[in-house]
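Visitor: fold the following.
(2 chains)
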Amino acid sequence: MVARSWLLASLVVLALALVGGLYTAIGAPKSEAADGTNQSIAVESGRQLYLQGCSTCHGLNNQGGAGGPSLVGVGQASVVYQVESGRMPLANAAAQAVRKKPKYDRTQIDQLAAYIQSVGGGPQVPGGTLDDGQLAMGGDLFRTNCSSCHNFAGAGGALTRAKYAPALTPASARVIYGAMLSGPESMPRFSDTQVTPEQKKDIIRYVRYITHAADPGGSSLGHYGPIPEGLVIFLVGIGGLVLVTLWIGARA
Amino acid sequence: MSDVSNGPSGNQESVRDRLKSPAGHGEQSGPGDSRGSDLSTSDFQQTDSRTDAAEAVGHGHGQLVEHGTTVLHPGKRVPLDDAAARAAERKVAGLFLLAVVGVVGFVVCFIAVPFDFGTDYSPAYTPLLGLFMTMALVGVGAGAVLWAKTLMVDEEMVQERHPFASEPETRGEAAAILAAGFQDTGLPRRSLLRNSLLLGAGSLAILPVPLLFGLGRFQHKEDALRTTSWKKGVRLVRSDGSPVKLGEVAVGGVETVFPDVPDGNKAADSASLLIRMRPDELVVRESRKDWSVDGHIVYSVVCTHLGCPVKLYEQQTHHLFCPCHQSTFDASREAKVLFGPAARNLPQLAISVDAQGYFIAQGDYSEPVGPSFWERKS
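Guide: Numbers count the residues shown, from 1 in each chain, chains lettered A, B, ... in the order given. You can find the predicted model right below:
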């Protein structure tokens, strides 16, 4: 597997160098053929991975089955979200899929995604940097669209019937983008016409900022805000003072 | 109280000795006397006479001294050369010096440990500051407690308060002045004046009675609890003011919308949720068929229980969930209450699409939004 990844990577590098060289040398338009070849290699590798790991539930031709829904038209965004966050392959049936250690590496995820994208298309997470948006704008959008379920600090929260909005701390920029675009499980979809790709990057920047902010006071208490903080101050702080006072009084 | 140290050999005597000291009796104000230096001689006479009374009671079990002060437990001065006392003194001094170390450590930490929120961040910064501050405060506090417990004269005494009431003569005099003043007004003698005053002042009581029946033409006309800022033809806009166009929200998507009127996004009763689902998933009664557009349906986000924002939408089950008390509504069935304490369905806003393809309201909500209120019939 590793050897094959290296082979693929070197092939890609070679092809890119070739294309780049050609472009600078004679100003020719980017070669469609080379790109197409890489794409079809990725799709074919992805299909192999799919047949081994996913087809039991989702069907040999993505048509879905007793165990899982059809994947026609879900797009690359859905694969990035589900596989990169470790939710797929599913460990066991529950109210909703739980985040696990991913089963596939980045290259394999991209191959799987290329294959699913080739079958019926669907929304796609763009390449490049995704968390370089505007922080303040992202905060505004997050509080309007996301905070009702995911909590204003991205700590997550409960939904109905054992479902929940997960905490956003472990989610990578690609996973957050994929989630917004594909609307996995209970989550509403936020299409590019509703929340533009720039706004999605703003939101990602904000989410990464609040979930990875330093906690100068020590324990963050889950970032749930002033109510648990006040509770701890009341119970531990004031309670401790009362105990010390009692102790001093008993000694006097 | 500072007068106490004015005794002839102040700092060599116990408090009790000083209280007994005959010197400066006239100017001395007793410890704990709240009236301070304004005490007249007669006050002292009063206090002294009460002391005599207390003395008569107190003689049985305790000792009694001047100014109404009863010593319950006489204390003893610890001699300067007592070994235990010197050890205790060193301990107290050590605790006070610990406070100095704490302060110095705090200042050094504050300057030297790198801290810049979010970028250059040492996790030890806040705990170290806290540790040194604790050292400083605990050093002074514990030192003072130890000092009081080991080295100070441990004497317990009680001083009675003087009575709060004035002298009977003073009170009688004040009453006489008031009575004379009342006579001077002429009211007791002039019955016309008295009766007309009673009538005039009494009629004031009738003034607020009309207010019980509303404010007449000043009564406010708009019915704030029954109406919102939505009006016929008003566009549905996002919180940043941009209008929502048909097709922008994907199936399974939601958008928080506000009326396109000045400060519409600040009107707490007007916030609404636009939900898009597949048209075949939507089950509404016949009379509301034209309230939604192609699977787009709008509900008030103000919970009918206690007014929390109901914005937790699950796109697969179409559940709308209130985070405060877990009321659950079915967005695909006119926001019917599935679970929880909510009294009614969420009100639905009738929408349509204008010529440019933007969503508009067909009018205000057909029923009051939010929680029940007294005058509400249903």
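Visitor: where does chain A have low pLDDT?
Guide: Residue ranges of chain A with pLDDT under 70: A:1-36, A:252.
Visitor: so what are the domain limits for it?
Guide: Annotated domains of chain A cover A:37-124, A:127-225 [automatic domain parsing].
Visitor: among the ones you listed, which is nearest chain B?
Guide: domain A:127-225 (3.7 Å; CB to the nearest CB). For the C-beta atoms, the positions are set from N, CA and C on the backbone; glycine is no exception.
Visitor: what about the closest one, near chain B?
Guide: Yes: interface with chain B: domain A:127-225 contributes A:140, A:144-145, A:148-149, A:157-161, A:163, A:165, A:183, A:185-191, A:193-194, A:213-214, A:216-218 (CB under 8 Å from any CB of the partner chain).
Visitor: picking that back up, any chance of the domains of chain A in JSON lines, with distance to B:Val209 and mean neighbour count too?
Guide: What follows is those, written out as JSON lines (distance: least, CB to CB, whole Å; neighbours: other CB atoms under 10 Å in any protein chain shown):
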{"stretch": "domain A:37-124", "distance to B:Val209": "62", "mean neighbour count": "18"}
{"stretch": "domain A:127-225", "distance to B:Val209": "49", "mean neighbour count": "19"}
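Visitor: end-to-end on stretch B:336-354?
Guide: Distance across stretch B:336-354, first residue to last, is 28 Å (CA to CA, to the nearest Å).
Visitor: related to what we said a few turns ago, how about the domains of chain A in a markdown table, adding distance to B:Ser203?
Guide: Output for the domains of chain A, formatted as a markdown table (distance: least, CB to CB, whole Å):
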| stretch | distance to B:Ser203 |
| --- | --- |
| domain A:37-124 | 72 |
| domain A:127-225 | 57 |
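Visitor: quick one: which of these is nearest B:Ser300?
Guide: Among those, the nearest to B:Ser300 by CB to CB is domain A:127-225 (14.5 Å).
Visitor: show me the residues of domain A:127-225 next to chain B that map onto helices.
Guide: Among the residues of domain A:127-225 next to chain B, the members found in helices (DSSP state H) are A:Asp140, A:Thr144, A:Asn145, A:Ser148, A:Cys149.
Visitor: residues of the stretch 151-300 of chain B that sit close to chain A?
Guide: With CB under 8 Å from any CB as the criterion, the stretch 151-300 of chain B meets chain A at residues B:238-240, B:245, B:247-256.
Visitor: farthest pair within those residues?
Guide: B:Asp240 and B:Val251 (23.5 Å).
Visitor: neighbour count winner among these two?
Guide: Taking other CB atoms under 10 Å in any protein chain shown, B:Asp240 and B:Val251 do not tie; B:Val251 has more neighbours (17 against 11).
Visitor: and what about the more buried one, helix, strand or coil?
Guide: Of the three states, B:Val251 takes coil according to DSSP: H, G, I helix; E, B strand; the rest coil.
Visitor: for B:Val153, same thing?
Guide: Three-state assignment for B:Val153 (three-state DSSP): coil.
Visitor: residues contacting B:Val165?
Guide: If you look again at residue B:165, you'll see it is Ala, not Val. Listed by CB atoms under 8 Å, 6 or more residues apart in numbering or on different chains, the contact set of B:Ala165 reads B:Arg171.
Visitor: shouldn't it be within a helix?
Guide: No: assigned with three-state DSSP, B:Ala165 falls outside any helix and is coil.
Visitor: isn't B:Pro323 right next to A:Gly157, touching?
Guide: Yes: counting by CB atoms under 8 Å, B:Pro323 touches A:Gly157, with 6.7 Å between them.
Visitor: common neighbours of the two, please.
Guide: What both B:Pro323 and A:Gly157 touch, as defined by CB under 8 Å, 6+ apart, is the set B:Leu312.
Visitor: any part of stretch B:348-361 near chain A?
Guide: No: for a cut-off given as CB under 8 Å from any CB, stretch B:348-361 has no contacts with chain A; the smallest distance is 12.0 Å.
Visitor: find the nearest non-adjacent residue to A:Ala66, please.
Guide: Computed as CB to CB, 6 or more residues apart in numbering or on different chains, the closest residue to A:Ala66 that is not its neighbour in sequence is A:Cys57, at 7.9 Å.
Visitor: and the next element down the chain from the host helix or strand of the one you found?
Guide: Following DSSP states H and E, one finds A:Cys57 within helix A:55-58. Using DSSP H and E, the next helix or strand after helix A:55-58 towards the C-terminus is helix A:75-84.
Visitor: that following helix: how far from the chain's middle?
Guide: Centroid separation for helix A:75-84 versus its chain: 8 Å, with CA atoms, centre = their mean, to the nearest Å.
Visitor: and the gap between B:Ala88 and chain A?
Guide: Distance of B:Ala88 to chain A, given as CB to the nearest CB, to the nearest Å: 15 Å.
Visitor: ok, that residue to B:Glu156 distance?
Guide: 20 Å (CB to CB, to the nearest Å).
Visitor: comparing those two, which residue is more hemmed in?
Guide: Neighbour totals were compared for B:Ala88 and B:Glu156, and B:Ala88 leads with 17 against 10 (other CB under 10 Å).
Visitor: correct me if wrong: the more buried one contacts B:Leu146.
Guide: Yes: the criterion here is CB under 8 Å, and B:Ala88 meets it with B:Leu146 at 6.8 Å.
Visitor: any chance of the backbone angles for A:Glu198?
Guide: phi -60, psi -40 (degrees, to the nearest 10).
Visitor: that one against A:Gly133, yeah?
Guide: Yes: applying CB under 8 Å, one finds A:Glu198 in contact with A:Gly133, separated by 6.6 Å.
Visitor: ok, now which ones touch the nearest residue to A:Gln124 once chain neighbours are set aside?
Guide: Residue nearest to A:Gln124 in three dimensions, not counting chain neighbours: A:Gln76, with 4.5 Å by CB to CB, 6+ apart. When contacts are counted by CB under 8 Å, 6+ apart, A:Gln76 touches A:Ala113, A:Ala114, A:Ile116, A:Gln117, A:Gly122, A:Pro123, A:Gln124, A:Val125.
Visitor: am I right that the last one is in contact with A:Ala173?
Guide: What that stands for is A:Val125. No: judged on CB under 8 Å, A:Val125 makes no contact with A:Ala173 at a distance of 9.2 Å.
Visitor: low-scoring stretches of chain B, by residue?
Guide: Ranges of chain B meeting pLDDT under 70: B:1-67, B:116-121, B:219-222, B:378.
Visitor: all helices in it, in order from the N-terminus.
Guide: Counting by DSSP H, the helices of chain B are B:15-20, B:41-58, B:83-112, B:125-150, B:168-185, B:191-203.
Visitor: tell me what angle the third one forms with helix B:125-150.
Guide: Put plainly, it is helix B:83-112. Here the directions of helix B:83-112 and helix B:125-150 differ by 160 degrees (axes from the mean of the first three to the mean of the last three CA atoms, to 10 degrees).
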